[in-house]
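1. Structure for this input, please:
(one chain, ligands or ions: 1)
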Amino acid sequence: MSIEIKKIKYAKGELTVPGDKSISHRGVMLGALACGTTEINGFLKGADCLSTIDCFKNMGIDIGINDNTVIVKGNGLYGLNKPDRILYTGNSGTTTRLLCGILAGQSFDTSITGDASICKRPMKRVVEPLSLMGAKISGDYCPLHITGTKLHGMEYKMSVASAQVKTAIILAGLYADGQTIIHEIEKSRDHTELMLGAMGADINVNGLDITINPQKELSPQKIEVPGDISSAAFWMVLGSIMPNSEILIKNVGINATRTGIIDVLSAMGANIKSENIRTAAGEPVADITVSTAELHGTVIGGDIIPRLIDELPVIAVAAVFAKGETVIKDAQELKVKETNRIRAVVDEFKKCGIDITETDDGMIIHGGKAIHGADFKAYGDHRMAMSLTILAQLSDGISTLDDTKCVDVSYPGFFEHFYKLG
Ligand code: S3P
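-> Numbering: from 1, shown residues only. Alright, predicted model coming up:
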């Protein structure tokens, strides 16, 4: 469904964003591998996480959903059944790549595939390290065929900063016959390590090094999923730029591996306050207030990139309204997301007269100039659709967006919040 978007005058209000996508996926997966009942509160009922639930139901796991609570009755690490169909992961890179790590060490064979976008996303990045552990996975793109086999521990230096790749190796490490050591090149989100530690796994993290030992059993947990900072990011940018605005976003996850958006917006001059900081089921959480500020350009690159990779399209929106130049570099990973997000941002932003240049690993934006609305294309990518909606709310005149449905992947209810604030 397409939508018409007009410039708004202010953004005021309070909201709670849906649960964290990464933690919701991991809750279901690790809950399915634990011995007993895992209760997940605040679960994100987005299309991606529902794909994860479907895959595990197809492997015999009893999973119930009641409102935002999910109950997973885990059968233990060796309690999955051979599915009677190809596992379908929809649009979800996290489901696809993490499943590879779990399925490689099973005693049965499986096949995985997803939608048109998933079938174009690189899987070699998980297939290659898992093969070094003995995994038998055919194909560098979906559909993948996985022949379950015995896995070995290994020492591995990652070549890409990716939590999905790291987690796939950690999960395979649970099934290996010896210790697995992973050296990250940059710190990526660590929800798997935290959750596995809480479930009693023998996992040790020392800076960029992770050691995981084979596991006999995981203990089920009660998991409280905080609001997704990647979803809160849209309102942080809107509230910073829109005149006369103040937005309170309650119960947002502020795990240090995810807070690059707060660091960057603050460096650009934003007014962002984190209050009522607490810990819920091992993850730090806060209420975040953002109010109007004068933003200025900045340089974003290096090891902050994995801490804000999903927020870069909306950070680019902030850069459009910031005075001066913003350079986004070292972000070539954007090219292999749900769409090529460097190309998509540059092409769509140019439609409004924005001074933006594509580079090999990012983009350069000269901000602070008047811009007009346009007819935007989301490329079926949830984060593009939401970033372009924020851009449209801030642009003169009327804009259109070709696809609103795709936001359901990570933020069902996004447009209700959009109307509530505007
Ligand atoms: C995720 C890791 C990131 C992120 C994705 C979710 C995860 O992907 O972009 O939305 O839950 O592990 P990469 O591992 O490809 O960086």
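
2. buried set for the helix or strand where Ile277 lies?
-> Here Ile277, judged by DSSP states H and E, is contained in strand 271-280. Neighbour counts over strand 271-280 (16 or more other Cβ atoms under 10 Å) mark Asn271, Ile272 as buried. Every C-beta, even on glycine, is put in place using the N, C-alpha and C of the backbone.

3. can you list the residues that contact that strand?
-> Contact with strand 271-280 is made by 224, 226, 236, 240, 254, 262, 265-266, 284-293, as judged by Cβ atoms under 8 Å, 6 or more residues apart in numbering.

4. between the next helix or strand after it and strand 271-280, how big is the angle?
-> Per DSSP H and E, strand 271-280 leads on to strand 283-291 as the next helix or strand towards the C-terminus. Counting by axes from the mean of the first three to the mean of the last three Cα atoms, to 10 degrees, strand 283-291 points 160 degrees away from the direction of strand 271-280.

5. by contact count, what packs against whichever helix or strand comes after strand 283-291?
-> Once the chain leaves strand 283-291, the next helix or strand it forms, by DSSP H and E, is strand 299-300. Applying 3 or more Cβ pairs under 8 Å, 6 or more residues apart in numbering; DSSP states H and E, one finds that strand 299-300 contacts strand 324-328.

6. Work out the sheet partners of the strand it packs on and label each with its direction, please.
-> strand 299-300 (parallel), strand 362-367 (antiparallel) (DSSP bridges).

7. are any of the contacts of strand 271-280 buried, and which?
-> 224, 226, 236, 240, 254, 262, 265, 284-293.

8. from the residues you listed, which are also near the ligand?
-> Restricting those to those touching the ligand (Cβ under 6 Å from any ligand atom) yields no residues.

9. Can you tell me the closest non-neighbouring residue to Gly60?
-> The shortest distance from Gly60 to any non-neighbouring residue, by Cβ to Cβ, 6 or more residues apart in numbering, is to Asn81 (3.6 Å).

10. now do Ile315
-> Distances taken as Cβ to Cβ, 6+ apart place Val264 nearest to Ile315, at 6.0 Å, with adjacent residues excluded.

11. unless I'm mixing things up, that neighbour is touching Ile300, no?
-> Yes - using Cβ atoms under 8 Å, Val264 is in contact with Ile300, at 5.7 Å.

12. shared neighbours of these two, anything?
-> By Cβ under 8 Å, 6+ apart, the residues touching both Val264 and Ile300 are Leu308, Ile315.

13. show me where the stretch 251-400 of the chain has helices.
-> Assigned by DSSP state H, counting those that start in this stretch, the stretch 251-400 of the chain shows helices spanning 260-267, 312-320, 341-350, 382-394.

14. other SSEs contacting the last one?
-> Pointing back at helix 382-394 there. Counting contacts by 3+ Cβ pairs under 8 Å, 6+ apart, helix 382-394 packs against strand 3-6, helix 229-241, helix 312-320, helix 341-350, strand 375-376, strand 398-401, helix 414-421.

15. Any idea how far that helix is from the middle of the chain?
-> Relative to its chain's centre, helix 382-394 lies at 17 Å (Cα atoms, centre = their mean, to the nearest Å).

16. Also the shortest one?
-> Here helix 260-267 shows a centroid-to-chain-centroid distance of 17 Å under the convention Cα atoms, centre = their mean.
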